[in-house]
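Engineer: Quick one, structure for this:
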Amino acid sequence: MRVAVLSSGGKDSTAAWWWAKCRGWDVSHLVTMIVEGDDSMMFQIPGTQIVEYQARLADIEWLSIRTEGISESEVLDLEEALSKLDIDALVCGALRSDYQKSRLERMCQRLGIISYTPLWHQSALGHITGLVENGFGVMITSVACDGLGEEWLGLILDEESLSDLVTKSIKYRFNVDGEGGEYETLVVHGPHLDGQIKVNGKAKWHGSRGEYIVEDISII
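Structural biologist: Predicted structure coming up:
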């Protein structure tokens, strides 16, 4: 099976990528949507440039696709680019977004390839815990919920901070895997990469939410 992985560089697409590798499939491309507008219903916007470095460390071709993030056309932008690839399937990290999953499935049907969403309705706790336990470096790059403050921005989850995240998710009643937009992530190392990525930046706080502004990315 020759597949492309739709990747934002975050934990969900990384977990889907790892799933495909564990099945012994040939992951030929990491595909990233570069949203040039202010918003997107389908794709993550900040920090996606990290996928280029992940691809280098995995010796996989990186395909970046520019889109304005307009709901009527962003999937068509992806479809046009994928139509030029020799692949059997597209793998993505959708967890519970019917909007994203259904549109990708219809697109893949038009292209004559299979759509795989291996994380679909996976346990939230099992998902984030499994990543940390298996050595993935999950960096928090934005927070937008009660219980998560500025100190979380730029933090790479380990056993201690994961335990704190779980405790706070129970106390403040947010999704521990961030699926409700409570936080976003980038993955800087893991068993799928031959090396590590260093991300430098600064936290920008807006009173009740914030993001980690990526200023420099390098391979170490």
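
Engineer: wait, W62 sits on I34?
Structural biologist: No - in this structure W62 lies outside contact range of I34 using C-beta atoms under 8 Å: 11.1 Å. From N, CA and C alone the C-beta is placed, and that goes for glycine too.

Engineer: Only the buried residues of stretch 120-140, if you could.
Structural biologist: Q122, A124, H127, I128, T129, L131, V132, F136, G137, V138, M139, I140 (16 or more other C-beta atoms under 10 Å).

Engineer: Among those, find me the one that's closest to Q100.
Structural biologist: Closest to Q100 out of the buried residues of stretch 120-140 is Q122 (14.9 Å), distances taken as C-beta to C-beta.

Engineer: just to revisit the earlier point, among the buried residues of stretch 120-140, name the ones in helices.
Structural biologist: Using DSSP state H, the members of those that fall within helices are A124, H127, I128, T129, L131, V132.

Engineer: what about the closest residue to the second one other than its chain neighbours, how many neighbours?
Structural biologist: In space, H127 comes closest to D177 once its chain neighbours are excluded; the distance is 5.0 Å by C-beta to C-beta, 6 or more residues apart in numbering. Around D177 there are 25 other residues, counting by other C-beta atoms under 10 Å.

Engineer: hey, where'd the strands end up in the protein?
Structural biologist: 2-6, 26-35, 61-67, 89-91, 114-116, 137-143, 183-189, 197-205, 210-219 (DSSP state E).

Engineer: packing partners for the fourth one?
Structural biologist: For strand 89-91, the elements it packs on are strand 2-6, helix 11-22, helix 98-111, strand 114-116, judged by 3 or more C-beta pairs under 8 Å, 6 or more residues apart in numbering; DSSP states H and E.

Engineer: Out of those, the one nearest S71 is which?
Structural biologist: Per C-beta to C-beta, nearest to S71 of the helices and strands packed on strand 89-91: helix 98-111, 9.2 Å.

Engineer: What lies in contact with that closest one?
Structural biologist: 6, 41-42, 75, 78-79, 82-83, 89-90, 92, 94, 114-115, 117, 120 (C-beta atoms under 8 Å, 6 or more residues apart in numbering).

Engineer: How about stretch 155-168?
Structural biologist: So stretch 155-168 is in contact with 125, 128-129, 131-132, 137-140, 147-148, 174, 176, 188, going by C-beta under 8 Å, 6+ apart.

Engineer: Tabulate these in TSV, adding columns for distance to L155 and pLDDT.
Structural biologist: Converted to TSV, those look like this (distance: C-beta to C-beta, whole Å; pLDDT from 0 to 100):
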residue	distance to L155	pLDDT
L125	19	97
I128	14	97
T129	16	97
L131	14	97
V132	12	97
G137	11	98
V138	9	98
M139	7	98
I140	5	97
G147	14	97
L148	10	98
F174	16	97
V176	15	97
V188	11	98
